[in-house]
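Trainee: structure of the sequence below:
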Amino acid sequence: MDSGQLWYAVAWASFGLLHSVLASGRLKEAFAPLLGRAYRAAYNLFAVAHLVAIVWLGKSWVPSAPLGLPAWMETAGDVVSLAGVAIVVAAFARYDRGLFVGLSQLRGRGGEAKEPLRTDGMNRYVRHPAYSGLFLLLWGHAQTEFALATAVWASLYLLIGTYFEERRLVALYGDDYRRYRQRVPAFVPWRGRAVRGGLNGPRGPDPRFRCSGRSTVSSATCIRRAAGPIAGPCDRSARACAEDRAREARSCTAGEKPIAG
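Mentor: Take a look at the predicted model:
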């Protein structure tokens with residue numbers, strides 16, 4: 001590895017380190033009195049400025065000479081890159097972009113409250129669809145020395161970042177996320193649709209309310225959390241959800257009994 005590649009690697013390492021430090025709970029608590037509702041927006045602005053600086057400096061450290069790939073490989077790479085962009089856009093479209101960017105917090109319309117665990121859309125196939133799209137974008141575009149180096153270091157950053165992100169999600173959602181992680185892969189949908197369509201939680205319909213024979217009765221598809229609230233549109237108390245499930249179980253046709261899945 002020449003000195004330019006080494007400096008580019010160090011720059012990406014600095015981005016990962018600062019990104020993790022600034023996202024930590026302790027630092028948020030330290031800067032909250034100073035920045036208040038602007039913390040999220042300031043954090044994103046700093047991250048974007050830092051990333052732009054890394055790429056700008058990287059272009060002076062690593063040559064942009066073509067790798068000499070065949071034309072068909074370059075065309076295939078372009079298609080993969082476009083697919084990655086489409087996946088990233090589609091993934092972020094299902095989230096509250098105002099909260100993500102920090103504009104909602106600035107306007108006083110949002111806080112740091114926990115958002116519902118999303119297991120619909122592309123999250124039925126992979127846990128991190130936006131990262132999946134970024135991998136496709138990075139490696140499809142890796143047709144020069146600089147783009148290849150960017151793909152390597154950015155991918156390493158995403159993998160390490162995912163490890164810490166998973167820890168945060170487990171701390172945030174507890175057993176719900178652990179069950180979801182057991183069923184759904186991180187980036188590549190090699191299991192197919194691991195969470196079946198229409199579910200409102202990571203475990204899916206409660207199999208205890210699937211009737212034998214010709215009739216199938218769906219549960220309220222509410223997921224009980226340790227703290228008591230219910231995830232999904234059935235956002236009521238645990239008792240209300242249990243009453244719904246009991247009522248649906250009684251609706252099995254005569255002669256059929258609810259069976260365990």
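Trainee: residues near residue 35, how many?
Mentor: Around residue 35 there are 13 other residues, counting by other Cβ atoms under 10 Å. Glycine gets a C-beta too; all of them are placed from N, C-alpha and C.
Trainee: separation between the residue lying closest to it once chain neighbours are set aside and residue 67?
Mentor: Using Cβ to Cβ, 6 or more residues apart in numbering and skipping the chain neighbours, the partner closest in space to residue 35 is residue 42 (5.5 Å). Counting by Cβ to Cβ, to the nearest Å, the gap from residue 42 to residue 67 is 38 Å.
Trainee: which of those two has more neighbours?
Mentor: Neighbour comparison, residue 42 and residue 67: the larger count goes to residue 42, with 16 against 12 (by other Cβ under 10 Å).
Trainee: what residues of the host helix or strand of the more buried one count as buried?
Mentor: According to DSSP states H and E, residue 42 maps onto helix 39-61. Residues 39, 40, 41, 42, 43, 50, 54, 58, 61 are the ones in helix 39-61 that count as buried (16 or more other Cβ atoms under 10 Å).
Trainee: report all helices and strands that that helix contacts.
Mentor: In terms of contacts (3 or more Cβ pairs under 8 Å, 6 or more residues apart in numbering; DSSP states H and E), helix 39-61 is packed against helix 3-23, helix 25-35, helix 97-101, helix 103-106, helix 145-173.
Trainee: do that again at 7 Å, thanks
Mentor: If you count contacts as 3 or more Cβ pairs under 7 Å, 6 or more residues apart in numbering; DSSP states H and E, helix 39-61 packs onto helix 3-23, helix 25-35, helix 103-106, helix 145-173.
Trainee: looking at these, which one has the lowest mean pLDDT?
Mentor: Across the helices and strands packed on helix 39-61, helix 25-35 has the smallest mean pLDDT, namely a mean of 69.
Trainee: one step back: ok, so of the buried residues of helix 39-61, who is nearest residue 125?
Mentor: Using Cβ to Cβ, residue 40 is the member of the buried residues of helix 39-61 that lies nearest residue 125, at 28.2 Å.
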